[in-house]
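**Q** Compute the structure for the input listed below.
(one chain, ligands or ions: 3)
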Amino acid sequence: MHIHADIQELRAALLPHRRAGQRIGLVPTMGNLHRGHLALVETARAQCDVVVASIFVNPLQFGPNEDLDNYPRTLEDDLASLREAGCDLVFTPTPSTMYPRGMGSQSLVRVPEVSEGLCGGSRPGHFDGVSTVVSMLFHIVQPDVACFGEKDYQQLAVIRRMVSDLHLPIEIIGVPTVREDSGLALSSRNGYLSDDQHATAARLQSTLMELREQLEAGADIDRQLLQGLTSLRQAGFEPDYLELRTPDLGQVTATTRDAILLVAARLGPTRLIDNLSLTLPR
Ligand SMILES: Nc1ncnc2c1ncn2[C@@H]1O[C@H](COP(=O)(O)OP(=O)(O)OP(=O)(O)O)[C@@H](O)[C@H]1O
Ligand SMILES: CC(C)(CO)[C@@H](O)C(=O)[O-]
Ligand code: BAL
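**A** Residues are numbered from 1 along each chain as shown. Ligands and ions are numbered 1, 2, ... in the order given. I've put the predicted structure just below:
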């Protein structure tokens, strides 16, 4: 496995593969890798001849009061996991490599509509940072395929829309969320939780499952969402949002059948997100 912090070196390493017509897969991450990330690498491995993972804690997608400084950085362990998972190349740029003019002077990619509301509402500017860095990674690596987790559902929708709007020849693959036995979605930020909070955190998914059961049985949507917010608060969460949307994140109407519940909630200072698909009755 080859590790490159430099853009030109990474491009040079990829060139022979591209010339040989090999299929290149990209897995963008912020490091502190867990089984969820490795599922993305395995998916890319199954689809491609060459797998590139990037590890970059992207400052452009963090708000001024967010956890950029505390975000876990575990490079040596991450490289060992990637090696074991059969990754071929790892891109580990620094912020000054990615943003040599500084973040304030950076050209931005802004994806309208799908970036607004939900996490875009509670984290202003977050998705501009994500779509900008992902488009930079796409230009640097020029992958045929890129894998993203369904846990970050809105992020996946933003990237799909960006690829469509900008006519990028890249296949985007969404990978199902990997969970603990308790149902808690694996996330680097779970590491911030105390033991008690960790036990409570599984309530996020179980609340969504209870809501799904009610909604699939025809219960009133607004009343169920209010009830869901109340049970999250009773469990100790401070919810940012709990919403039911169409799979492409539009508003649900009387004719909507396939839908998705999306939630973001804080446990102490830790912000967790999750989602669950369901089918509304006729
Ligand atoms: N449990 C999971 N299952 C599948 N994919 C995941 C999971 N957690 C993260 N991913 C995906 O891994 C990629 C990199 O995510 P990231 O490095 O931010 O990890 P994370 O665990 O989501 O961290 P954070 O706690 O910062 O949200 C994203 O495409 C994300 O959706
Ligand atoms: C896609 C991503 C690597 C861009 O920084 C990040 O948002 C993440 O880890 O999900
Ligand atoms: N997993 C999405 C990256 C972020 O929360 O900043």
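**Q** excluding its backbone neighbours, what's nearest the residue in the stretch 101-250 of the chain positioned nearest to ligand 3?
**A** Across the stretch 101-250 of the chain, the shortest distance to ligand 3 (C-beta to the nearest ligand atom) belongs to D152, at 4.7 Å. C-beta: built from backbone N, CA, C; applies to glycine. Using C-beta to C-beta, 6 or more residues apart in numbering and skipping the chain neighbours, the partner closest in space to D152 is I273 (7.0 Å).
**Q** Hmm, L261 and the one you found touching each other?
**A** No: under the criterion of C-beta atoms under 8 Å, I273 lies out of contact with L261, with a separation of 11.5 Å.
**Q** quick one on the thing from earlier: give me the element the residue nearest to D152 is part of.
**A** Using DSSP states H and E, I273 falls within strand 270-279.
**Q** What residues does the stretch 1-150 of the chain have near ligand 2?
**A** When proximity is defined as C-beta under 6 Å from any ligand atom, the stretch 1-150 of the chain approaches ligand 2 at P28, T29, M30, N58, Q61, V130, V133, V134.
**Q** Mind putting these into JSON lines with pLDDT, neighbour count and secondary structure?
**A** As requested, those are exported to JSON lines (pLDDT from 0 to 100; neighbours: other C-beta atoms under 10 Å; DSSP: H, G, I helix; E, B strand; the rest coil):
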{"residue": "P28", "pLDDT": "99", "neighbour count": "24", "secondary structure": "strand"}
{"residue": "T29", "pLDDT": "98", "neighbour count": "23", "secondary structure": "strand"}
{"residue": "M30", "pLDDT": "98", "neighbour count": "19", "secondary structure": "coil"}
{"residue": "N58", "pLDDT": "98", "neighbour count": "23", "secondary structure": "coil"}
{"residue": "Q61", "pLDDT": "98", "neighbour count": "21", "secondary structure": "helix"}
{"residue": "V130", "pLDDT": "98", "neighbour count": "26", "secondary structure": "helix"}
{"residue": "V133", "pLDDT": "98", "neighbour count": "23", "secondary structure": "helix"}
{"residue": "V134", "pLDDT": "99", "neighbour count": "26", "secondary structure": "helix"}
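**Q** and which of these is nearest S105?
**A** Sorting those by how near they are to S105, with C-beta to C-beta, puts V133 at the top with 15.1 Å.
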